[in-house]
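**Q** for reference, the sequence and a predicted model appear below.
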Amino acid sequence: MPETFTDRDPATGHPRPPRREFKARGSFTERCAGCRLPVLNCLCPYQAHAESTARVWLITHPLEHHKPTNTGRLIGDVLPHTEIFTWYRTAPDERLLGLLDDPRFAPFVIFPDDQPGYADRVVGISAVEAAKGAGKVPVFIVLDGTWRQARRIFRKSPYLDGLPVLPLATMRQTRYRLRKPASQAHLCTAEVAAELLRQSGDTHAAQVLDDYFDAFNVSYAASRRYEKLEAPTPAMQRLLARSVG
Ligand SMILES: [Zn+2]
């Protein structure tokens with residue numbers, strides 16, 4: 001469902017005329033062309049890049065792509081080699097198919113191990129280490145969408161059927177504030193990528209992505225409350241320090 005921020009009269013359903021808070025509301029709906037966040041708390045000052053050994057390829061459900069609350073795109077902002085593909089059931093992305101055939105890469109589909117039918121393909125994080133040892137670039141293929149959408153992508157994409165399945169094992173709880181999670185254990189896409197990077201040894205890239213996600217999360221949530229952040233959070237301060245140094 002598209003997000004709307006129009007103030008409506010609950011009795012009539014008609015848009016209300018702007019009142020005193022018009023400026024705050026206006027600056028909330030107005031989005032920055034750079035980061036697509038409300039200009040009230042723009043993310044652009046915190047842009048950061050990091051290098052990682054492992055890469056992330058997102059297969060994004062078409063309904064997820066243009067949601068401003070999508071966190072998959074944050075991964076692409078931080079890690080320059082990130083690939084983002086849109087999933088169409090009957091028309092697989094040709095470039096993705098080509099990359100899956102490229103012997104330089106060792107792709108892993110990130111998916112839980114508690115569904116039936118693929119137990120023989122499930123591997124642990126040590127398989128990522130082994131791929132690096134064999135001179136390959138490990139790739140985390142993250143299915144970007146709701147749990148239902150991700151399951152559909154997993155089930156209905158024959159080109160993923162031959163790949164090892166890597167479940168993310170973590171006790172980490174989500175910090176994502178922009179959507180109500182099904183459970184606190186259900187991490188959003190950027191959190192999943194950060195955790196995979198951390199577990200597979202790309203600790204610096206994981207930290208930068210985590211901080212950038214945190215800045216996004218806090219900025220967006222504040223803008224929803226029509227609140228201008230007065231001071232940068234610790235994660236924001238780390239990102240700022242990086243861009244200066
Ligand atoms: Zn911006």
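**A** Looks like it came in fine.
**Q** buried set for stretch 177-196?
**A** Residues 178, 187-196 are the ones in stretch 177-196 that count as buried (16 or more other Cβ atoms under 10 Å). Heads up, the C-betas are built off the backbone N, CA and C, glycines and all.
**Q** do stretch 158-172 as well
**A** 160, 163-168.
**Q** I'd like the mean pLDDT over it, please.
**A** Average pLDDT, stretch 158-172: 94.
**Q** next: stretch 46-57.
**A** So the average pLDDT for stretch 46-57 ends up being 96.
**Q** could you do stretch 94-108 as well?
**A** So the average pLDDT for stretch 94-108 ends up being 97.
**Q** need the residues of the protein near the ion, please.
**A** Residues of the chain that fall close to the ion, judged by Cβ under 5 Å from the ion: 32, 34-35, 42, 44.
**Q** among the residues you listed, name the buried ones.
**A** 35, 42.
**Q** JSON lines please, covering the residues of the chain next to the ion and showing secondary structure.
**A** Formatted as JSON lines, the residues of the chain next to the ion follow (DSSP: H, G, I helix; E, B strand; the rest coil):
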{"residue": "C32", "secondary structure": "coil"}
{"residue": "G34", "secondary structure": "coil"}
{"residue": "C35", "secondary structure": "coil"}
{"residue": "C42", "secondary structure": "coil"}
{"residue": "C44", "secondary structure": "helix"}
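**Q** residues near the closest residue in space to H61 that isn't next to it in sequence, how many?
**A** Spatial nearest neighbour of H61, excluding adjacent residues (Cβ to Cβ, 6 or more residues apart in numbering): G145 at 3.3 Å. Using other Cβ atoms under 10 Å, G145 has 24 neighbouring residues.
**Q** so G145 sits right up against L63, yeah?
**A** Yes: applying Cβ atoms under 8 Å, one finds G145 in contact with L63, separated by 7.1 Å.
**Q** this structure: helices as residue ranges?
**A** For the chain, the helices defined by DSSP state H cover 22-29, 72-78, 94-100, 126-133, 147-155, 189-199, 203-224, 234-244.
**Q** F154 - how many residues pack around it?
**A** Count around F154 with other Cβ under 10 Å applied: 20.
**Q** relative to V109, how far out is it?
**A** Distance, F154 to V109, by Cβ to Cβ, to the nearest Å: 7 Å.
**Q** and for the two, which residues touch both?
**A** 143, 160 (Cβ atoms under 8 Å, 6 or more residues apart in numbering).
**Q** what is the strand ranked longest in the chain packed up against?
**A** In the chain, with assignment by DSSP state E, the single longest strand is strand 137-144. When contacts are defined as 3 or more Cβ pairs under 8 Å, 6 or more residues apart in numbering; DSSP states H and E, strand 137-144 packs onto strand 55-60, helix 72-78, strand 105-110, helix 126-133, helix 147-155, helix 189-199.
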